[in-house]
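S.K.: I'd like to go over a predicted model; first the sequence, then the structure.
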Amino acid sequence: MKKDEIAIIKDIRNKFFFPEGIGIGDDSAVLRFKESALITTDLMIEDVHFDLSFTSFYHLGFKIVSINVSDIYAMGGDFRGFLFSLGAPQTISDEDFNELFSGIKDALNHYGGFLIGGDLSKSDKIVLSGVAIGETERPILRKGAEPEDLIYITSYLGLSQAGFYLLRNLSKESKKIVKSIKNFDLLNDFSESFLSFSESFLRHSEPFIGHSERSEESYIKITHKEGDPSATPQGDRKKCNCERSEESNAKVLNLPERKIRLKEIKEILQRHLMPAARKPDKFRNNAKAMMDISDGLLIDLHRLCEESGVGAEIYIDEIPIHPEVAQVAELFHIDPMKIILSGGEDYELLVVSDKENVTETGLIPIGKIIKDKGIYIVDSMKGKLQAKPEGWQHF
């Protein structure tokens, strides 16, 4: 960095105006609330949460805002302000620094919030910390689900994890191409742009659901029929013909050099690099309990049920499979349901309601709340099996 901290903060202050109170410049920001205040925080650390070989600083700026806003939306709130703290090596370039704040600004414009403060520090690696502030008339908690309530999700799951599997196996040149993308919605204009895979991939062959001791099987094999790849989550949900490998140990697959059209995988790339938080305006009045799916469906549903003192049944045939997730699963011999049930960082919403007509708002029913504690997978072929709450955990 060529500028000192005083000049850097002055530049940031000039770029981010806060009209609803007092923002950058004082020891604390001043916000004026009419309803209950919501405050949440999330942290992103280099080599733990992101890989700079395929993630740009613009992506990081957009994502640190999105993952914090998602928690505000998960409580039924409206986003108001954002505090951002950065730890970075002195060697960070002006270009990367500016791209980071460009991503933050575009995300704030997208969600309608304002940067109101933060902090800067020198560190060995890139560390991003965000605090989102919102307000709501009625906070929607994880506690509130009751037996016979219905379980909904806002859209497809597993896209971020599928994107991660793909990104980490791209060639160096392809990773550079991905890092240059800021607007994934424009990729349809580049129908002949391709990405290349590296030659080897570590097969993930651990069971995708850890069952209780009652089950003698180490996994469930689920086969979905091929369907229309353009189907929506509300349409044909059985469109993957991927089957679980019978091998029990991970091994390296020697794959030939392959290429794939960039526009055919844009949604999984975008979900991992620049996820968008789901605003609950259309259904929050009908939600009894809610949370965002940041660590995986199974583990996050387990957390919601623990808070509510209930259990849940998930109907495996009702869970939609995104065509791009199915494509990655087939390319790399990964069970698609492993990705969907335990893959994290989707930031869709998990909604519990006693209303059936909320499907009119786009919500997708995938199960129901039950009295018996535990998470159960209900499969038309295998019956009802208890599942372990698998997903992302730091410790």
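M.R.: Structure received.
S.K.: wait, doesn't residue 302 sit right on residue 375?
M.R.: Yes. Using Cβ atoms under 8 Å, residue 302 makes contact with residue 375 at a distance of 5.5 Å. C-beta coordinates here come from the backbone N, C-alpha and C atoms, glycine included.
S.K.: tell me, what's touching these two both at once?
M.R.: By Cβ atoms under 8 Å, 6 or more residues apart in numbering, residue 302 and residue 375 have these common neighbours: residue 389.
S.K.: residue 313 and residue 367 touch, don't they?
M.R.: Yes. The pair formed by residue 313 and residue 367 meets the contact definition of Cβ under 8 Å, at 5.0 Å.
S.K.: any residues in contact with both of those two?
M.R.: Residues within reach of residue 313 and of residue 367 at once, by Cβ under 8 Å, 6+ apart, are residue 378.
S.K.: for residue 40, give me its contacts.
M.R.: Applying Cβ under 8 Å, 6+ apart as the definition, the contact partners of residue 40 turn out to be 68, 71, 72, 131, 132.
S.K.: switch to 7 Å and redo it
M.R.: By Cβ atoms under 7 Å, 6 or more residues apart in numbering, the contact set of residue 40 is 68, 71, 72, 132.
S.K.: residues contacting the nearest residue to the last one once chain neighbours are set aside?
M.R.: With sequence-adjacent residues excluded and distances taken as Cβ to Cβ, 6 or more residues apart in numbering, residue 132 is closest to residue 68, at 3.6 Å. With contact taken as Cβ under 7 Å, 6+ apart, residue 68 is in contact with 40, 41, 42, 82, 130, 131, 132.
S.K.: backbone phi and psi for the most centrally placed residue in the chain, please?
M.R.: Centre of the chain computed as the mean C-alpha position; nearest residue by Cα atoms, centre = their mean is residue 346, 2.1 Å away. Taking degrees, to the nearest 10, you get phi -80, psi -30 for the backbone angles of residue 346.
S.K.: I'd like to know which of the contacts of residue 68 are buried.
M.R.: 40, 42, 82, 130, 131, 132 (16 or more other Cβ atoms under 10 Å).
S.K.: roughly how far apart are the second one and residue 294?
M.R.: It stands for residue 42. Residue 42 sits 8 Å away from residue 294, going by Cβ to Cβ, to the nearest Å.
S.K.: the first one too?
M.R.: Spatial separation of residue 40 from residue 294 under the definition Cβ to Cβ is 11 Å.
S.K.: same deal with the fifth one?
M.R.: Distance, residue 131 to residue 294, using Cβ to Cβ: 16 Å.
S.K.: returning to that earlier point: now, which of the buried ones among the contacts of residue 68 lie within helices?
M.R.: Counted as lying in helices by DSSP state H, out of these, is not a single one.
S.K.: ok so, going back, identify the contacts common to residue 42 and residue 294.
M.R.: Each of residue 67 lies in contact with both residue 42 and residue 294 under the rule Cβ under 7 Å, 6+ apart.
S.K.: so which of the contacts of residue 40 belong to helices?
M.R.: In helices, defined here by DSSP H, the members of those are 68, 71, 72.
S.K.: secondary structure class for the closest residue to the last one other than its chain neighbours?
M.R.: Of all residues beyond its chain neighbours, the one nearest residue 72 is residue 134 (3.7 Å), with distances taken as Cβ to Cβ, 6+ apart. Three-state secondary structure (criterion: DSSP: H, G, I helix; E, B strand; the rest coil) places residue 134 in strand.
S.K.: ok, now which ones touch residue 134?
M.R.: Counting by Cβ under 7 Å, 6+ apart, the residues that residue 134 touches are 38, 72, 77, 78, 79, 80.
S.K.: which of the helices or strands spans the first one?
M.R.: When you say that, I think you mean residue 38. Applying DSSP states H and E as the criterion places residue 38 in strand 36-45.
S.K.: just name the shakiest helix or strand of the protein by mean pLDDT.
M.R.: For the chain, using mean pLDDT, DSSP states H and E, the weakest element among its helices and strands is strand 200-202, scoring a mean of 47.
S.K.: more crowded one of residue 313 and residue 367?
M.R.: Using other Cβ atoms under 10 Å as the criterion, residue 313 and residue 367 rank with residue 367 on top: 24 against 17.
S.K.: quick check on that one: phi, psi?
M.R.: When read as degrees, to the nearest 10, the backbone of residue 367 gives phi 170, psi -170.
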